[in-house]
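Visitor: No letters, just coordinates:
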């Protein structure tokens, strides 16, 4: 069985207009051949499809992403057969938008995994079958503002204990299990040691491959106990037309997995997306890409080198992480709030930022490091 996995799909207003006009070939035509020979094609649907009556954005830290049904039409044209939906934007417009999104995907005959009406439903794997081989895809994400509960809809959380049991259960239903995680530090191209330990733990639990996205840049990979672990595949189709972005935002790779009774093999297919235009196309000169992959892999292979690079990154964010707790609550600040010199809106924004720092695994990693460096 051949499966192609891609990263984050979140078209902006510019791409939305092109897709609404049916200009799929202009944007996605160059990359389409990478999907044509696979049995299944899966990317991360990092947006929501608003219902006809509209929906209001939820209160959260970070942007609220939305699209029309043409986003699903674009994926259908591309040959995408399924999407992962456990990510930090799937609940950006609440339950109504999530329900509408899955209804539109159903209409397009695009499978989905990682979300549901409650925590139990969100944890169910996607089952794929071809020529007698069964593959289960388990999808989860770090815990920001999209997580399902026992009684409310949302995404399957990155709870290592729960995912362990999900893998074990999936292994009873399928020959191979692939775990797709949405997590890591944005704009940083290496995993934390926590990520490395956790993803290796998933392999120990029975996963035959682990694929990660979310960071908006690609990372390296390793093969652990014959199972490949890809620590970041980058954005797939995620443009930022009104924001200055670094080149890494526009580079990524598709993972082509070949699964059989003999094991798992893979190929990387690097591409450039929305760099100065609205096109996703295979990378022409790949020497630099594969050279960088080798460099990243060498760092990932060494806990010492990896921790050193991670701490360099964390040091860049120390003031930002600690700044959310200032000014300290004291008599003067209480008086200023009471006199409305400090707005309640600021307090609300601060509240959501603090919640994000302590609930999201990667943010908490940075926060703990920043606090401990002050001791």
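Guide: Perfect, thanks for sending it. On a predicted model such as this, the values are computed, not experimentally measured, just so you know. Numbers count the residues shown, from 1 in each chain.
Visitor: Give me the phi and psi for residue 58.
Guide: Backbone geometry at residue 58, expressed as degrees, to the nearest 10, gives phi -80, psi 160.
Visitor: Please, where are all the strands along the stretch 51-200 of the chain?
Guide: Using DSSP state E, counting those that start in this stretch, the strands of the stretch 51-200 of the chain run over 82-84, 111-113, 115-116, 126-130, 133-141, 154-155, 176-182.
Visitor: and of those strands, who's closest to residue 235?
Guide: Closest to residue 235 of the strands of the stretch 51-200 of the chain is strand 176-182 (CB to CB; 12.4 Å). Where C-beta positions appear, they are placed from N, C-alpha and C, glycine not excepted.
Visitor: Adjacent strands (with direction) for the closest one?
Guide: strand 133-141 (parallel), strand 209-213 (parallel) (DSSP bridges).
Visitor: Give me the contacts around the shortest one.
Guide: When you say that, I think you mean strand 209-213. When contacts are defined by CB atoms under 8 Å, 6 or more residues apart in numbering, strand 209-213 is touched by residues 5, 7-8, 44, 176, 178-184, 191, 195, 199, 202-203, 219, 227-234, 255, 257, 264, 266.
Visitor: re the thing from before, make JSON lines out of the strands of the stretch 51-200 of the chain and add mean pLDDT, distance to residue 75 and mean neighbour count.
Guide: Shown next, in JSON lines, are those (pLDDT from 0 to 100; distance: least, CB to CB, whole Å; neighbours: other CB atoms under 10 Å):
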{"stretch": "strand 82-84", "mean pLDDT": "99", "distance to residue 75": "7", "mean neighbour count": "28"}
{"stretch": "strand 111-113", "mean pLDDT": "98", "distance to residue 75": "11", "mean neighbour count": "20"}
{"stretch": "strand 115-116", "mean pLDDT": "98", "distance to residue 75": "16", "mean neighbour count": "24"}
{"stretch": "strand 126-130", "mean pLDDT": "98", "distance to residue 75": "15", "mean neighbour count": "17"}
{"stretch": "strand 133-141", "mean pLDDT": "98", "distance to residue 75": "16", "mean neighbour count": "25"}
{"stretch": "strand 154-155", "mean pLDDT": "98", "distance to residue 75": "19", "mean neighbour count": "28"}
{"stretch": "strand 176-182", "mean pLDDT": "98", "distance to residue 75": "16", "mean neighbour count": "28"}
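Visitor: Output those strands as JSON lines; include the columns distance to residue 241.
Guide: Formatted as JSON lines, the strands of the stretch 51-200 of the chain follow (distance: least, CB to CB, whole Å):
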{"stretch": "strand 82-84", "distance to residue 241": "23"}
{"stretch": "strand 111-113", "distance to residue 241": "27"}
{"stretch": "strand 115-116", "distance to residue 241": "28"}
{"stretch": "strand 126-130", "distance to residue 241": "32"}
{"stretch": "strand 133-141", "distance to residue 241": "26"}
{"stretch": "strand 154-155", "distance to residue 241": "27"}
{"stretch": "strand 176-182", "distance to residue 241": "23"}
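Visitor: Nearest to residue 288 among those strands would be which one?
Guide: Taking those one by one with CB to CB, strand 176-182 is closest: 26.8 Å.
Visitor: Tell me what angle that closest one forms with strand 126-130.
Guide: Strand 176-182 runs at 140 degrees relative to strand 126-130, counting by axes from the mean of the first three to the mean of the last three CA atoms, to 10 degrees.
Visitor: Strand 176-182: how far from the chain's middle?
Guide: Computed by CA atoms, centre = their mean, to the nearest Å, the chain-centroid distance of strand 176-182 equals 12 Å.
Visitor: got it, and stretch 79-97?
Guide: From the chain centre to the centre of stretch 79-97 is a distance of 11 Å (CA atoms, centre = their mean).
Visitor: Equivalent analysis for stretch 179-194, please.
Guide: Centroid separation between stretch 179-194 and its chain, computed with CA atoms, centre = their mean, is 9 Å.
Visitor: go on, stretch 308-328?
Guide: The chain centroid and the centroid of stretch 308-328 are separated by 23 Å, computed with CA atoms, centre = their mean.
Visitor: Give the buried residues for it.
Guide: Within stretch 308-328, the residues that qualify as buried are 309, 310, 313, 314, 317, 318, 321, counting by 16 or more other CB atoms under 10 Å.
Visitor: The last one is in contact with residue 370, isn't it?
Guide: Yes: at 4.1 Å, residue 321 and residue 370 qualify as touching, with contact defined as CB atoms under 8 Å.
Visitor: on that earlier part again, of all the buried residues of stretch 308-328, which comes closest to residue 140?
Guide: Residue 140 has its nearest neighbour among the buried residues of stretch 308-328 in residue 310, at 21.7 Å by CB to CB.
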